[in-house]
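# no FASTA, just this:
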């Protein structure tokens, strides 16, 4: 029961993207199709879990004045691993995501969890926080990605359900659509979910 | 003519905030003072010009000839951290009063403009000259400062205009910047 409660906290009342507004840049940039959003979410979750685990394991031997350099080096190493893995196994996805895979290094979700959580808590707690926040991030990206792909290109996971002549809202797969959909989603979360906290 | 084209592209058409979504967080977050946006733009210029110069040399003479492009991310972030630290040390000595009410590390180290512009410029097959890199960097900073200025003025207005409670703060700023991005799409086809 506790597991389900924690995960639902990560998805709804403590969602990292919609409630605390962390990781805005990737959640705006890669959500013009559901496939890209899923790839980005899984890559970020991988980096988040492994960096939390590593930093909380070695937190006693990291010197106080070198914290920021070492944390960024650890995150940078895992991001390079993800980048190389994507280049080998999913070259098309890597090309579509472009500069947003290396930019996971300074994703504010990964950075804030590393500095504010993993440096202060034990290994089990940090691992659990990484999994919960990663799932919340994937959930937010999937919601944004499916709204924008259904409205913008009339398909879901590259499966088209409209005929060729049908017109779709091009607005939603362009950059302005990202801002507007994201703004309305935050307002939705504020109105219906956060008020019951 | 080529230089003018690069400046126009970086300033309006491929504006880093509106099309590449870099630094959105610093544009939206508690950005309601016009003076502060000039200061942020100046600090970005002080940091990004040396960072891009060093990264240009690094990419051209170390990473590409020895085929170690996969170290790009780690090297770039370390250079940014180093330059940011040097600027912070100098600025703390020179203007201590300024540092007390300005969240330097929030605006600089966790700002994706610095790393994002490096990654946009120095791809694995880049053939740009140093001068065009420098011009692109300066034009990018000007475009970023323009969006900061616009958003700080609009945010000032939004706070007193009585929006619904759920819309106050981040949501209305996001929708405003979306409409701004829609307006900037109108520049398509000028160059």
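Cool, got the structure. Remember, it's a predicted structure, so these values are computed and weren't measured experimentally.
# wait, isn't residue B:78 in contact with residue A:69?
Yes. Using CB atoms under 8 Å, residue B:78 is in contact with residue A:69, at 7.4 Å. C-beta coordinates here come from the backbone N, C-alpha and C atoms, glycine included.
# quick check: pLDDT value at the residue sitting nearest the centre point of chain B.
In chain B, the C-alpha nearest the mean C-alpha coordinate belongs to residue B:113, at 3.6 Å (CA atoms, centre = their mean). Residue-level confidence at residue B:113 comes out at 88, pLDDT.
# who are the contact partners of it?
B:16, B:22, B:23, B:26, B:44, B:48, B:140, B:144 (CB atoms under 8 Å, 6 or more residues apart in numbering or on different chains).
# distance check, residue A:188 against chain B.
For residue A:188, the distance to chain B equals 8 Å [CB to the nearest CB, to the nearest Å].
# and what of residue A:70?
11 Å.
# excluding its backbone neighbours, what's nearest that residue?
residue A:62 (5.3 Å; CB to CB, 6 or more residues apart in numbering or on different chains).
# which SS state does the one you found fall under?
coil (DSSP: H, G, I helix; E, B strand; the rest coil).
# which helix is the longest one in chain B?
Ordering each helix of chain B by length in residues (DSSP state H) puts helix B:130-159 first.
# surely residue B:150 touches residue B:180?
Yes. Using CB under 8 Å, residue B:150 makes contact with residue B:180 at a distance of 6.6 Å.
# list the buried residues of the longest helix along chain A.
Looking across chain A with DSSP H, the single longest helix is helix A:123-153. Residues of helix A:123-153 classed as buried by neighbour count (16 or more other CB atoms under 10 Å in any protein chain shown): A:126-141, A:143-153.
# partner strands of the lowest-mean-pLDDT helix or strand in chain A and their direction?
Taking mean pLDDT, DSSP states H and E as the measure, strand A:159-160 is the helix or strand of chain A with the lowest mean score, a mean of 84. Take DSSP bridges as the rule and strand A:159-160 pairs in its sheet with strand A:155-156 (antiparallel).
# before we move on, the earlier item: and the residue nearest to the centre of chain B, what element?
Using DSSP states H and E, the element containing residue B:113 is helix B:112-121.
# counting by contacts, list what the helix or strand where residue A:81 lies packs against.
Residue A:81 is part of helix A:67-89, with elements assigned from DSSP H and E. Based on contacts counted as 3 or more CB pairs under 8 Å, 6 or more residues apart in numbering or on different chains; DSSP states H and E, the elements that helix A:67-89 packs against are helix A:34-57, helix A:91-97, helix A:108-113, helix B:72-94.
# contacts for it, please.
A:39, A:43, A:46-47, A:50-51, A:54-55, A:62, A:93-94, A:97, A:101-102, A:104-105, A:110-111, A:114-115, A:119, B:70-71, B:73-74, B:77-78, B:81, B:109.
# could you flag which of those are buried?
For these, a burial check counting by 16+ other CB under 10 Å picks out A:39, A:43, A:46-47, A:50-51, A:54-55, A:93-94, A:97, A:101-102, A:104-105, A:110-111, A:114, A:119, B:73-74, B:77, B:81, B:109.
# how about the residues of chain B near chain A?
Of all the residues in chain B, those in contact range of chain A (CB under 8 Å from any CB of the partner chain) are B:18-25, B:28, B:70-74, B:77-78, B:81, B:109-112, B:115-116, B:119-120, B:165-167, B:170-175, B:177-179, B:181-182, B:185.
# quick revisit: closest to residue A:162 out of the helices and strands packed on helix A:67-89?
helix A:34-57 (15.7 Å; CB to CB).
# hmm, that closest one in reach of chain B?
No. Helix A:34-57 lies out of reach of chain B by CB under 8 Å from any CB, never closer than 11.5 Å.
# distance from the chain centre to that helix, please.
Taking CA atoms, centre = their mean, to the nearest Å, one finds helix A:34-57 lying 8 Å from the centre of the chain it belongs to.
# what's the angle between it and helix A:123-153?
Orientation check (axes from the mean of the first three to the mean of the last three CA atoms, to 10 degrees): helix A:34-57 against helix A:123-153 gives 170 degrees.
# low-confidence ranges, chain B, go.
Filtered on pLDDT under 70, chain B yields the residue ranges B:32, B:100-103, B:105-107, B:109-110.
# what mean pLDDT does stretch A:2-12 get?
Stretch A:2-12 comes out at a mean pLDDT of 87.
# check whether that stretch comes near chain B.
No. For stretch A:2-12, no contact with chain B is found by CB under 8 Å from any CB; the gap never falls below 15.7 Å.
# now that stretch: buried residues?
Those would be A:6, A:7, A:10, A:11, A:12, for stretch A:2-12 by 16+ other CB under 10 Å.
# repeat for stretch B:137-157
Those would be B:137-141, B:143-152, B:154-155, for stretch B:137-157 by 16+ other CB under 10 Å.
# same question, stretch B:169-184
Taking 16+ other CB under 10 Å as the criterion, stretch B:169-184 shows B:169-178, B:180-182, B:184 as buried.
# dump those to JSON lines, plus secondary structure.
Output for the buried residues of stretch B:169-184, formatted as JSON lines (three-state DSSP):
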{"residue": "B:169", "secondary structure": "coil"}
{"residue": "B:170", "secondary structure": "helix"}
{"residue": "B:171", "secondary structure": "helix"}
{"residue": "B:172", "secondary structure": "helix"}
{"residue": "B:173", "secondary structure": "helix"}
{"residue": "B:174", "secondary structure": "helix"}
{"residue": "B:175", "secondary structure": "helix"}
{"residue": "B:176", "secondary structure": "helix"}
{"residue": "B:177", "secondary structure": "helix"}
{"residue": "B:178", "secondary structure": "helix"}
{"residue": "B:180", "secondary structure": "helix"}
{"residue": "B:181", "secondary structure": "helix"}
{"residue": "B:182", "secondary structure": "helix"}
{"residue": "B:184", "secondary structure": "helix"}
